[in-house]
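1. the following comprises the amino acid sequence and a computationally predicted model.
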Amino acid sequence: MNIASRIRRSFFREKTKSSDENSLKNGSNVNEEDKDEILGVTDELIDHVRSFTIDTFKNFSLEDEEEEVSVSHLGDEDNRMSSSVNVKKDLSDWQEKHAVLVLSKSKELSQLRFKLCPRVLKEHQFWRIYFQLVRKLVAKYEVLAIQQAKIRRMAMEDSKTSETKGVYEVEMSETKQRLSTGLATP
């Protein structure tokens, strides 16, 4: 599945989810504003995005793209091997959610994307350029999301460890009882 279809699907899911949540909250947007902040979509970012033009994206240089062009000059067999090694990296989960939200909040960016993709830029190029352009504004939010995900993962591992530890303690106490009563069976 390519980036464009993933973003469209995510956008549709977010739109239906937020309309369901809003109907339950009777118009309360407190949670939605928190989500915007967590994903780094602030007023400052929206103002910055509004300053983007088609030329901003056309004139942006991607160093990695030059490497991909040089790979295309290799022979067919070498090219197939290199392309499997140089699989393009899609957006992270956080970046995908950010992209969906910023597209919904900024019609200017949405229109730019429509004009540029796929005629001028490929979808992944557009998003790589976008995240380079807004890096200073969203980096702290992305790092925070990574830290929170790591904390959640560690908490899940700890809960699994404590569950396993409890099972071992029960097994050990049962074994001790059998040994003390002389009913231990190998």
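-> Arrived safely.

2. excluding sequence neighbours, find me the nearest residue to S110.
-> What sits nearest to S110 in space, not counting adjacent residues and going by CB to CB, 6 or more residues apart in numbering, is L103, at 4.9 Å. C-beta here means a position set from N, CA and C on the backbone, and glycine is covered the same way.

3. and that neighbour, which helix or strand is it part of?
-> Secondary structure assigned from DSSP states H and E places L103 in helix 93-105.

4. also D158?
-> When elements are defined using DSSP H and E, D158 is found to belong to helix 135-181.

5. quick one: mean pLDDT for that helix?
-> For helix 135-181, mean pLDDT rounds to 78.

6. before we move on, what about stretch 50-64?
-> For stretch 50-64, the mean per-residue pLDDT is 89.

7. put the alpha carbons of it into CSV.
-> Once side chains and other backbone atoms are set aside, the C-alpha atoms of stretch 50-64 remain, and they are given as CSV (Å, rounded to 0.1, in the frame of the first residue of the first chain):
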residue,chain,number,x,y,z
ARG,A,50,0.7,28.6,4.6
SER,A,51,3.9,30.2,3.5
PHE,A,52,4.8,27.2,1.3
THR,A,53,4.5,27.5,-2.5
ILE,A,54,4.9,25.1,-5.4
ASP,A,55,8.4,26.5,-5.9
THR,A,56,9.2,25.7,-2.2
PHE,A,57,8.8,22.0,-3.1
LYS,A,58,10.1,22.1,-6.6
ASN,A,59,13.4,23.9,-5.6
PHE,A,60,14.0,21.7,-2.5
SER,A,61,17.0,19.3,-3.0
LEU,A,62,16.8,15.8,-1.7
GLU,A,63,20.3,14.3,-1.5
ASP,A,64,19.0,10.7,-1.2
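
8. got the buried residues for it?
-> 52, 57 (16 or more other CB atoms under 10 Å).

9. residues in contact with that stretch?
-> Residues outside stretch 50-64 that contact it (CB atoms under 8 Å, 6 or more residues apart in numbering): 106, 108-109, 112, 115-116, 120-121, 125-126, 128-129, 132-133.

10. quick one, what contacts V49?
-> Taking CB under 8 Å, 6+ apart, one finds 102, 106, 108-109, 134 in contact with V49.

11. which of the residues you listed are buried?
-> 102, 106, 109, 134.

12. could I have the buried ones of the contacts of stretch 50-64 as PyMOL selection syntax?
-> Paste this into PyMOL to select the buried members of the contacts of stretch 50-64, with burial taken from 16+ other CB under 10 Å:
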select buried, resi 106+109+112+116+121+125+126+128+129+133
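
13. phi and psi next, for F60.
-> With angles defined as degrees, to the nearest 10, F60 shows backbone torsions of phi -80, psi 130.

14. distance check, it against F52.
-> Relative to F52, F60 is positioned 10 Å away (CB to CB, to the nearest Å).

15. then E142?
-> Taken as CB to CB, the spacing of E142 relative to F52 amounts to 19 Å.

16. if we can go back for a sec, so can I have TSV of the contacts of V49 showing distance to W94?
-> Supplementary listing: the contacts of V49 in TSV, determined by distance: CB to CB, whole Å:
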residue	distance to W94
V102	12
S106	18
E108	22
L109	17
V134	13
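
17. done for today, thanks.
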